[in-house]
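> here you go, sequence then predicted model.
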Amino acid sequence: MIRQTQWKNWAAFLLLILLWLPVLALAATEAGKVLSTRGEVSGAAADGQTRALKRGGVLFQGDTVITGADSFVRIRFSDGGSLHLRATTRFAISEYVFKEDGKKDTSRFNLVAGGFRAVTGAIGRDNKAAYSVKTPVTTIGIRGTDHEARYCKGDCGDLAKQGITPPKNGLYNGTFEGETVINGEGFKPGQYGFTNPAGITIRLPKPPTILTGDPMPDPSDDAEYEGLGTDQGGTPTEEGEQTAEEGGTAEKGAAAAAAAGTGGDGGTPGGGTPGSGGTTGDGTTVTDGTEGQGEQLASNPETGFFNIPLRAQQVVILECPI
């Protein structure tokens with residue numbers, strides 16, 4: 001009787017281990033490595049434990065990468081994708097599986113605060129539905145993409161020293177290559193968008209200064225950081241990175257901004273002139289007040305802003321944030 005009880009206990013113990021093995025394996029999935037850092041950069045594991053991140057540091061599924069003020073980090077994922085995070089950013093690697101067979105590969109991220117620029121790797125290239133970035137106001141989908149985004153919630157006044165007025169709260173996005181999709185709205189190279197806290201997405205008539213005023217480094221520069229080994233107390237290229245982030249040209253960003261112009265037809269940036277404005281994707285007219293200042297959205301007398309019927313129970317009024 002005693003032996004039978006012991007056998008049952010051992011069987012239950014082994015069963016528990018077998019059940020936990022997939023969970024442990026999933027939690028230990030290596031997602032990528034840190035190429036370089038500047039300032040204070042840390043990683044918070046799924047269990048809440050935090051660690052400082054330096055060049056060569058490993059990132060796992062479930063980690064949240066956190067950057068402090070005046071900080072920056074470059075990350076290379078195992079599928080070849082790259083990620084740059086701005087200062088004061090929280091970016092979670094919610095789900096990441098890459099086994100090169102393409103069947104169950106997935107990369108799901110969560111932008112909690114701050115901003116990023118990312119280039120999708122093999123996962124997004126082979127299965128576009130397997131890649132997404134969740135944000136507090138919407139989810140970003142891709143179609144083979146080099147893109148950027150920044151979420152503002154009363155914390156985007158860092159460019160005030162450059163004379164840039166803090167923008168309205170919401171998500172600002174731009175596309176350099178490929179296409180991003182937000183709430184069914186596609187954004188091709190040189191196109192920018194804004195999603196307000198209510199989850200309404202519009203196409204912007206020109207690049208938002210919250211992105212172009214502080215351009216992110218071009219991911220194509222990441223190659224020079226490959227194979228540098230583990231950081232031993234200092235990154236010799238930090239000064240160069242600061243120049244690239246705070247005053248860099250980001251060639252693709254400049255090209256995208258040039259392609260975007262300051263106006264456009266049908267909501268597509270390009271071909272406009274300063275102060276000419278443009279139209280959103282649904283035909284709503286966007287006009288400039290004074291060049292370089294915020295636009296005012298004109299309303300249709302029958303449908304109101306963004307063709308939302310005035311007879312509806314709730315009317316949402318959204319101003320162009322740039």
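Yes, it's here.

> how about the closest residue to residue 77 other than its chain neighbours, phi and psi?
Among residues not flanking residue 77 along the chain, residue 32 sits closest, at 3.9 Å (CB to CB, 6 or more residues apart in numbering). C-beta: built from backbone N, CA, C; applies to glycine. The main-chain torsion angles of residue 32 are listed as degrees, to the nearest 10 and equal phi -180, psi -170.

> how many neighbours does residue 32 have?
Using other CB atoms under 10 Å, residue 32 is surrounded by 25 other residues.

> which other helices and strands does the lengthiest strand in the chain contact?
Of all segments of type strand in the chain, defined using DSSP state E, the longest is strand 106-119. In terms of contact count using 3 or more CB pairs under 8 Å, 6 or more residues apart in numbering; DSSP states H and E, strand 106-119 is assigned the packing partners strand 82-85, strand 90-97, helix 122-126, strand 131-134, strand 146-152.

> okay but residue 166 is in contact with residue 160, surely?
Yes. Between residue 166 and residue 160 there is a contact at 6.7 Å, judged by CB atoms under 8 Å.

> for residue 211, what are its contacts?
Residue 211 makes contacts with 115, 148, 150, 172, 174, 192, 253, as judged by CB atoms under 8 Å, 6 or more residues apart in numbering.

> give the contact list for the first one.
Going back to what we said before, that points to residue 115. If you count contacts by CB under 8 Å, 6+ apart, then residue 115 has 85-86, 89, 148-151, 211, 216 around it.

> recalculate using a threshold of 10 Å.
Contacts for residue 115 were tallied using CB atoms under 10 Å, 6 or more residues apart in numbering; they are 67, 84-89, 91, 148-152, 156, 171-173, 210-211, 214, 216.

> are any of these buried, and which?
Among the contacts of residue 115, those classed as buried by 16 or more other CB atoms under 10 Å are 67, 84-89, 91, 148-152, 156, 171-173, 210-211, 214, 216.

> measure the closest residue to residue 166 other than its chain neighbours to residue 48 for me?
The spatially closest residue to residue 166, leaving aside those adjacent along the chain, is residue 157, at 4.2 Å (CB to CB, 6+ apart). Here residue 157 is placed at a distance of 30 Å from residue 48 (CB to CB, to the nearest Å).

> the two - which one has more neighbours?
Remark: of residue 157 and residue 48, residue 157 carries more neighbours, 12 against 7, as counted by other CB under 10 Å.

> pLDDT at the more buried one, what is it?
Residue 157 carries a pLDDT value of 84.

> please report how far it lies from residue 143.
According to CB to CB, residue 157 stands 33 Å off from residue 143.

> do residue 86 as well
Residue 86 sits 24 Å away from residue 143, taking CB to CB as the criterion.

> what's the neighbour count on residue 68?
The tally of other residues near residue 68 (other CB under 10 Å) stands at 14.

> please name the nearest non-neighbouring residue to it.
When the adjacent residues along the chain are set aside, residue 68 lies closest to residue 40, with 3.4 Å between them (CB to CB, 6+ apart).
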